[in-house]
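1. Give me a model of this one.
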Amino acid sequence: MPVLRAFIAIELDGASLRALGALQQRLKKTPGAQHVKWVAPESMHLTLKFIGDLDSGRVAQVLDAMRHACDGSAPFELILQGLGAFPNLNRPNVIWAGVSGQVASAARIARRLEDECVGLGIERETRPFSPHLTLGRVKREVGPGELAQVGDSIRRSAAGVGVGEIGRFGVRAVYLMRSDLKPTGAVYSSLGQVPLAEPTA
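-> This next block holds a predicted model:
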């Protein structure tokens with residue numbers, strides 16, 4: 001059977017994606033922005049669990065595991081807030097927008113997804129769940145001077161954004177996504193979704 005590249009994620013609404021796109025446009029005008037490969041807003045999502053290669057015949061198993069992980073989880077709200085870089089602003093590699101709000105709800109689902117996926121033989125993520133939206137990735141050929149320039153721009157932009165809210169969105173479902181690599185970049189599509197529901201008495 002064909003092998004898919006898959007992950008489990010939360011999708012954002014249109015208003016949040018537009019807000020992130022507007023933030024990107026501001027960042028693109030700062031020094032060093034040419035050293036960053038920016039992510040198309042329509043490709044942004046909040047990853048809960050990266051799966052990697054998945055036999056297409058196992059999609060139903062993963063969706064079933066997702067149902068178990070989401071069982072008893074009610075819809076919740078997340079806030080886009082803050083700006084930073086991984087691993088840090090001195091050596092930026094990934095530029096991100098932060099996520100706050102009911103993060104504990106997302107973290108609980110992510111934790112349960114790890115447990116369920118281990119039962120399917122999918123490797124457990126070693127890094128802790130760190131909710132963020134990737135805005136761009138610094139190009140590999142960038143030198144130390146350019147890295148410092150990018151980091152300084154993000155630092156100044158973060159001070160401008162401050163703790164202000166970029167946007168907010170409701171989480172009503174969790175999605176199993178596939179990633180197809182094209183010459184223009186990755187293209188994402190949904191393989192299925194699991195709705196969140198209020199726990200029944």
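
2. buried set for the helix or strand bottoming out on mean pLDDT in the chain?
-> Within the chain, no helix or strand scores below helix 144-161, which has a mean of 88 by mean pLDDT, DSSP states H and E. Neighbour counts over helix 144-161 (16 or more other Cβ atoms under 10 Å) mark 146-147, 149-155, 157-158, 161 as buried. For the C-beta atoms, the positions are set from N, CA and C on the backbone; glycine is no exception.

3. Now do the contacts for Tyr188.
-> 43, 45, 177-180 (Cβ atoms under 8 Å, 6 or more residues apart in numbering).

4. Following the chain onward from the helix or strand that contains Ser100, which element is next?
-> In the assignment (DSSP states H and E), Ser100 maps to strand 94-101. Under the assignment DSSP H and E, the closest C-terminal helix or strand after strand 94-101 is helix 103-118.

5. Run through the neighbouring helices and strands of that following helix.
-> On a contact count with 3 or more Cβ pairs under 8 Å, 6 or more residues apart in numbering; DSSP states H and E, helix 103-118 meets strand 46-55, helix 59-70, strand 76-86.

6. Which among these is found nearest to Gly121?
-> helix 59-70 (9.8 Å; Cβ to Cβ).

7. Return the distance of that closest one from the chain's centre.
-> 19 Å (Cα atoms, centre = their mean, to the nearest Å).

8. Only C-alpha atoms, please: export that helix in CSV.
-> Extracted in CSV, the C-alpha atoms of helix 59-70 (Å, rounded to 0.1, in the frame of the first residue of the first chain):
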residue,chain,number,x,y,z
VAL,A,59,-5.2,5.5,8.4
ALA,A,60,-8.4,4.0,10.0
GLN,A,61,-6.3,2.8,13.0
VAL,A,62,-4.8,6.2,13.5
LEU,A,63,-8.2,7.9,13.3
ASP,A,64,-9.5,5.4,15.9
ALA,A,65,-6.5,6.2,18.2
MET,A,66,-7.4,9.9,17.7
ARG,A,67,-11.0,9.2,18.9
HIS,A,68,-9.7,7.6,22.0
ALA,A,69,-7.3,10.5,22.7
CYS,A,70,-10.0,13.1,22.2
